[in-house]
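J.: Sharing a model that was predicted from the sequence below.
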Amino acid sequence: MSQGFIKLGRDIRGTWIHKNPIYFRAWCDILMTVNYTPQAVSINGKTLICGEDESLLSLESWAQLFGSEWNKGKVRRFFDRLKKEHVISTIPDTKTTRLKVLKSKYYRGQQHDNSTIIARYPTPIEEGKKETTTTIGEITEKKPLGIDEARNVLLQEFGNSNVQVKNIQKAYKEQTGFKVDETTIQLSVCSFLQKGMTKTYKGRIKEDSKVIAYLMKWITNERKFDRTNKLIADNKKKQETKQTLAEYLKDNYRPQELKRMDVNKLEKIYNSNSFLLTNVSKGYQNENITPYLLFELCFMPYGQKIGGRKLELKIETFKRFFKQLSNYNQNKGDIRKLLKEWGKTAAQ
């Protein structure tokens, strides 16, 4: 925008963004670029609504706007730092990035009739320094956030369902130093919204930032007490005691196919890799994903068209296949049948 004005608080002086002229200019460019009112924007022939305090510039466009010292990677890291301080949010959109300056209703350059400034845009705070707020006018008690509000916070902070789990996984590792598998993250988010927001933390979460903090705490509890993995392990243990490898092969192959198999040799191969296959299968909630299924995928003709020749490559291919399934198929689908159909499609 080329008209209007922005306001910066004096408390920005001495912060990390003020000490670095390149960051300071970029922050001012952001405040001067986001919309004051909603506008329709055309991108590659598609019309998108760019809302209040939002911008639909791509990361490449931001880099060009900020100057020659910037590139796409540096812009992404700068935005990540601002997001950690809950100053902006970004959501991947169609061939661009939807950036929003947060808390705009408190920080706009609006005026009273007596022309006194009552608000300003947020100031990126100094690392390790608590953010302070000043209440002006009537003080109102904020209502606790519900499931829908918490879900919207996660959407703004970590993106849509296609990237949300990975972004939460990355944020958790940055905060704690521990890496949690994507399945555990996905289950933890679901249980946090369904149980945490309605029972455990009901009435206690009134700020958007608290949603993120309590989610990270929830994931830590899931990892620490291993509740999810314990349930998965119990289900897998029950499944494993029901049949042997020979019985599994008998259930899934025709008699003429079984005659061509050396079952004793297959059992030896399975036994030498059972520890790895069992641990991998425990990472999935679907009871159909057993060590036998993974063995069939990695060492039998069934999996020839899937992944590479090495065990690790086939496991990675299976993970990619699993991610693109619907929630129902991930939890209850016939994985063997779905995997076979997917292998045929991938080979075409």
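T.: Perfect, thanks for sending it. Numbers count the residues shown, from 1 in each chain.

J.: Which parts of the protein belong to which domain?
T.: Here the domain parsing of the chain from automatic domain parsing is 10-107, 147-225, 229-347.

J.: centre of the chain versus the second one, how much separation?
T.: On the basis of C-alpha atoms, centre = their mean, to the nearest Å, the separation between the geometric centre of domain 147-225 and that of its chain is 9 Å.

J.: shaky segments in the protein?
T.: Within the chain, the stretches with pLDDT under 70 are 1-4, 94, 103-141, 223-242, 305, 307, 343-348.

J.: Going along the chain, name the strands of the chain.
T.: Listed in chain order, the strands found in the chain under DSSP state E are 39-43, 46-50, 54-55, 88-93, 96-101.

J.: Any chance of a markdown table for these, columns mean neighbour count and distance to E316?
T.: All C-beta atoms are positioned from the backbone trio N, CA, C, and that covers glycine. A markdown table is the format used below for those (neighbours: other C-beta atoms under 10 Å; distance: least, C-beta to C-beta, whole Å):
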| stretch | mean neighbour count | distance to E316 |
| --- | --- | --- |
| strand 39-43 | 12 | 34 |
| strand 46-50 | 14 | 34 |
| strand 54-55 | 22 | 36 |
| strand 88-93 | 18 | 24 |
| strand 96-101 | 21 | 28 |
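
J.: wait, which of those strands is closest to I168?
T.: strand 88-93 (14.1 Å; C-beta to C-beta).

J.: could you dump that closest one to CSV, C-alpha only?
T.: The C-alpha trace of strand 88-93 is given here as CSV (Å, rounded to 0.1, in the frame of the first residue of the first chain):
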residue,chain,number,x,y,z
ILE,A,88,2.8,-13.0,12.2
SER,A,89,1.3,-16.2,10.8
THR,A,90,1.8,-17.8,7.4
ILE,A,91,-0.3,-20.3,5.5
PRO,A,92,0.8,-21.9,2.2
ASP,A,93,-1.8,-20.9,-0.5
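
J.: For that strand, name the packing helices and strands.
T.: helix 72-84, strand 96-101, helix 147-158 (3 or more C-beta pairs under 8 Å, 6 or more residues apart in numbering; DSSP states H and E).

J.: Tell me what angle it forms with strand 96-101.
T.: Orientation check (axes from the mean of the first three to the mean of the last three C-alpha atoms, to 10 degrees): strand 88-93 against strand 96-101 gives 160 degrees.

J.: related to what we said a few turns ago, nearest to Y253, out of the strands of the chain?
T.: Nearest of the strands of the chain to Y253, taken as C-beta to C-beta: strand 88-93 at 44.0 Å.

J.: For that closest one, which outside residues touch it?
T.: 30, 48, 56, 79, 82-83, 97-102, 155-157, 159-160, 162-163 (C-beta atoms under 8 Å, 6 or more residues apart in numbering).

J.: same check, this time on stretch 202-219
T.: Residues contacting stretch 202-219 (C-beta under 8 Å, 6+ apart): 86, 102, 142-145, 149-150, 153-154, 156-157, 168, 171-172, 175-176, 180, 184-185, 188-189, 191-192, 196-197, 201.

J.: Out of the strands of the chain, the one nearest G73 is which?
T.: Nearest to G73 among the strands of the chain is strand 96-101; the distance by C-beta to C-beta comes to 13.6 Å.
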